[in-house]
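[1] Any chance you can model this:
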Amino acid sequence: MTPDSIESLFTRDSGAFVFARWGRPIAPIVFGVEEPTLRVVKGAFEAVAALAGHSLAETDPELGSNCMVFFFRDWAELSEVPDLDRLIPDLGPLVARLTAAKANQYRVFRFDDSGAIQAAFVFLRMDPALAAQPAEELALSQVVQVMLLWSERAFAAQSPLAIAGQKVILRPEIAGVIRAAYDPVLPAAARDPSHALRLFARLEAAP
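    Alright, predicted model coming up:
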């Protein structure tokens, strides 16, 4: 990784550099899956949180669960989730756009006053492409993508995952960025591209 490649991971399509990590313990909840898949998703949260040195919690004092993961077959199902429209502004138009785009995933973040991640919502429409992925791979990929506010195109050309033998793992350079991003010395949010240099310095210093 170079400072420029790290900077690109957090540079939005608008050209703005926007970095954010979780500012509180993550309290995940998963909807729409059976118990075996639920265990896989929770295991992915535990593994990535341990990598980052960040805490998980059973509940969030403000929101109950602050990281909601929804598995479903059709975007229209979201309109039937009780009170979801209170958590996701303009849910109806959003569902219409995602349906028209034939999207199979979408993530929404909320932030606290400091700019740190306060809550995240992950929507996965299980089309043939997602359904074909092993549960471990899908879960790890999704958890990685909510640990930080990556740019829209951070993983467009290359997945955050890699194959090691017969096992799916997090790419070492992405794991390093996550670990560096959660250094308690660093701020939980940053808008200056020089933050990429601070992340790079911690990657270089890592054993």
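[2] contacts and neighbour counts: CA atoms only from here.
    Noted.
[3] As a check, name the ranges of all helices in the protein.
    3-9, 35-52, 84-87, 91-101, 128-131, 135-147, 172-181, 195-205 (DSSP state H).
[4] In TSV: those, plus mean pLDDT and mean neighbour count.
    Formatted as TSV, the helices of the chain follow (pLDDT from 0 to 100; neighbours: other C-alpha atoms under 10 Å):
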stretch	mean pLDDT	mean neighbour count
helix 3-9	96	17
helix 35-52	95	17
helix 84-87	88	12
helix 91-101	94	13
helix 128-131	92	11
helix 135-147	95	20
helix 172-181	96	20
helix 195-205	92	17
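[5] so which of those gets nearest residue 163?
    Of all these, helix 135-147 sits nearest to residue 163, with 10.0 Å by C-alpha to C-alpha.
[6] Report the angle between the closest one and helix 172-181.
    Angle of helix 135-147 versus helix 172-181, following axes from the mean of the first three to the mean of the last three C-alpha atoms, to 10 degrees, is 40 degrees.
[7] contact partners of helix 135-147?
    21-22, 37, 40-41, 44-45, 48, 107, 120, 122, 130, 159-161, 168, 170, 178 (C-alpha atoms under 8 Å, 6 or more residues apart in numbering).
[8] by how many degrees do the longest strand anywhere in the chain and helix 135-147 diverge?
    Of all segments of type strand in the chain, defined using DSSP state E, the longest is strand 117-125. Here strand 117-125 runs at an angle of 140 degrees relative to helix 135-147 (the same axes, to 10 degrees).
[9] Mind giving me the packing neighbours of strand 117-125?
    Judged by 3 or more C-alpha pairs under 8 Å, 6 or more residues apart in numbering; DSSP states H and E, the packing partners of strand 117-125 are strand 67-72, strand 105-111.
[10] Mind checking those strands for the one nearest to residue 148?
    Using C-alpha to C-alpha, the nearest of the helices and strands packed on strand 117-125 to residue 148 is strand 105-111, at 10.0 Å.
[11] Render the CA-only coordinates of the closest one in PDB, please.
    Extracted in PDB, the C-alpha atoms of strand 105-111 (Å, rounded to 0.1, in the frame of the first residue of the first chain):
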ATOM      1  CA  GLN A 105     -26.700  -4.700  -2.100                       C
ATOM      2  CA  TYR A 106     -26.800  -1.300  -0.500                       C
ATOM      3  CA  ARG A 107     -25.400   0.200   2.700                       C
ATOM      4  CA  VAL A 108     -26.600   3.200   4.700                       C
ATOM      5  CA  PHE A 109     -24.500   4.900   7.500                       C
ATOM      6  CA  ARG A 110     -25.500   7.300  10.200                       C
ATOM      7  CA  PHE A 111     -22.900   9.400  12.000                       C
END
